[in-house]
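1. coordinates only, sequence not included:
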């Protein structure tokens, strides 16, 4: 259990500390007004060191129906019901959003001007049992807009790039009141300068530093890991008590064996080494089983339940298994120390 917990926490930590920062932008800029777009793009794209500036328009809307069925009567599979809870960010695009992969259907032509079409996240599409050609009704600023599902997409949310569950075809949403959001990447030592330049020029635009958010998430993850390990420690304590009971139950036999070996000429060091080998092998086998079973359990939980990427962490496995082996060895030897110190004559007379 400890190996599995350590591996899951290690994988989540690896994703937050290493994988996400490698792909995530440096900043999110939100609340960019339409009349600020040109000046914002000029300022940020021309700022020394900035790369990968991306900006998209955004509205917010609430899903009110699917295929004419009201949202409060929809029963999705799994945990995808969140899409019906409150407003969702939506946008429109002439091309497939960066980082997305079309799973089913086809993207609309760049010059499309027909009835509203929708590109939907494939997991949501599957959870609600939808088909291509089905409809989704969204309330945008009090107006009901019904679009037809033209295709489904897969994308990696952990990249932290801009993406939306629903992307509409161009046309009907373009004239609605909107704001823009943008991302930009810049070297760490230039982040503060860029943030100051944008907020000084545009008082209404908020700059969200991704590094700060990742550090906050990492701290939360560490606290959760500590809590889980504490809970696991209670279970281990119960196991230690069981082990102690087993040692006590075999204590008399241990004393007898030690005395007989001493009478036959074995030194205390010889007996100690024998017990050390015995409990060392027991601890080693236990540690190996823990490493194998914990790795398998951690892999299944990380990939199937948490749906994250998996990285094998040999150092974490070895450290956790070694600590478990050491505990087994210490508690096993603790029950034999008294046996090694007992004189032979009283016990042999009683026997």
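-> Everything's here; your move. Predicted model, so just to flag it, every value in this text is computed and none were measured.
2. Might you list the low-confidence residue ranges for the stretch 201-350 of the chain?
-> 225, 229, 232-233, 235-237, 239-255, 328, 331-350 (pLDDT under 70).
3. what about the helices in it?
-> Using DSSP state H, counting those that start in this stretch, the helices of the stretch 201-350 of the chain run over residues 210-249, 251-263, 268-300, 314-340, 344-350.
4. Mind listing what's buried along the helix or strand where residue 44 lies?
-> Per DSSP states H and E, residue 44 falls inside helix 37-45. Along helix 37-45, these residues count as buried under the neighbour rule (16 or more other C-beta atoms under 10 Å): 40, 43, 44. Every C-beta, even on glycine, is put in place using the N, C-alpha and C of the backbone.
5. so where's the stretch 1-150 of the chain shaky on pLDDT?
-> 15-23.
6. where exactly do the helices run in it?
-> Using DSSP H, counting those that start in this stretch, helices in the stretch 1-150 of the chain cover 2-14, 20-23, 37-45, 122-127.
7. Save the ones you listed as TSV, and put in distance to residue 76 too.
-> TSV is the format used below for these (distance: least, C-beta to C-beta, whole Å):
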stretch	distance to residue 76
helix 2-14	26
helix 20-23	27
helix 37-45	36
helix 122-127	4
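8. do you know which of those helices lies nearest residue 219?
-> Closest approach to residue 219 among these is made by helix 2-14 (10.9 Å; C-beta to C-beta).
9. Residue 178 and residue 259, how far apart?
-> Remark: distance between residue 178 and residue 259 (C-beta to C-beta, to the nearest Å) = 88 Å.
10. Between the two, which has more neighbouring residues?
-> Neighbours per residue, other C-beta atoms under 10 Å: of residue 178 and residue 259, the larger number sits with residue 259, 21 against 17.
11. State the distance from that one to residue 268.
-> Distance from residue 259 to residue 268, by C-beta to C-beta: 12 Å.
12. just residue 54 next, same as before
-> In terms of C-beta to C-beta, residue 54 sits 73 Å off from residue 268.
13. Does residue 316 touch residue 11 like I think?
-> No: assessed by C-beta atoms under 8 Å, residue 316 is found out of contact with residue 11, at 9.3 Å.
14. Give me the more crowded residue out of those two.
-> More crowded of residue 316 and residue 11, by other C-beta under 10 Å: residue 11, with 24 against 20.
15. what residues are up against the more buried one?
-> 298, 302, 308, 309, 310, 311, 313 (C-beta atoms under 8 Å, 6 or more residues apart in numbering).
16. Going by neighbour count, which of those residues comes out on top?
-> Busiest of these [other C-beta under 10 Å] is residue 298, holding 25 neighbours.
17. Next, count neighbours for the closest residue to that one other than its chain neighbours.
-> Distance criterion C-beta to C-beta, 6 or more residues apart in numbering; nearest residue to residue 298, sequence neighbours excluded, is residue 7 at 3.5 Å. Neighbour count of residue 7, defined by other C-beta under 10 Å: 26.
18. With distance to residue 102 as added columns, please give the contacts of residue 11 in CSV.
-> As requested, the contacts of residue 11 are exported to CSV (distance: C-beta to C-beta, whole Å):
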residue, distance to residue 102
298, 33
302, 27
308, 23
309, 22
310, 26
311, 28
313, 34
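19. Pick the one among the residues you listed closest to residue 217.
-> residue 308 (13.4 Å).
20. any idea how far that closest one is from residue 201?
-> When residue 308 is compared with residue 201 (using C-beta to C-beta), they lie 39 Å apart.
21. Do a quick rundown of the strands in the stretch 1-150 of the chain.
-> Assigned by DSSP state E, counting those that start in this stretch, the stretch 1-150 of the chain shows strands spanning 27-32, 51-66, 69-70, 88-92, 100-105, 117-121, 135-140, 143-155.
22. Out of the helices of the stretch 1-150 of the chain, which gets nearest to residue 147?
-> helix 122-127 (13.2 Å).
23. for that closest one, packing partners?
-> strand 100-105, strand 143-155 (3 or more C-beta pairs under 8 Å, 6 or more residues apart in numbering; DSSP states H and E).
24. domain parsing for this protein?
-> Domain assignment for the chain by automatic domain parsing gives 51-185, 216-350.
25. Those: which one's closest to residue 2?
-> Comparing those by C-beta to C-beta, domain 216-350 comes nearest, at 5.1 Å.
26. hang on, the earlier thing: what's the closest of the helices of the stretch 1-150 of the chain to residue 68?
-> helix 122-127 (17.1 Å).
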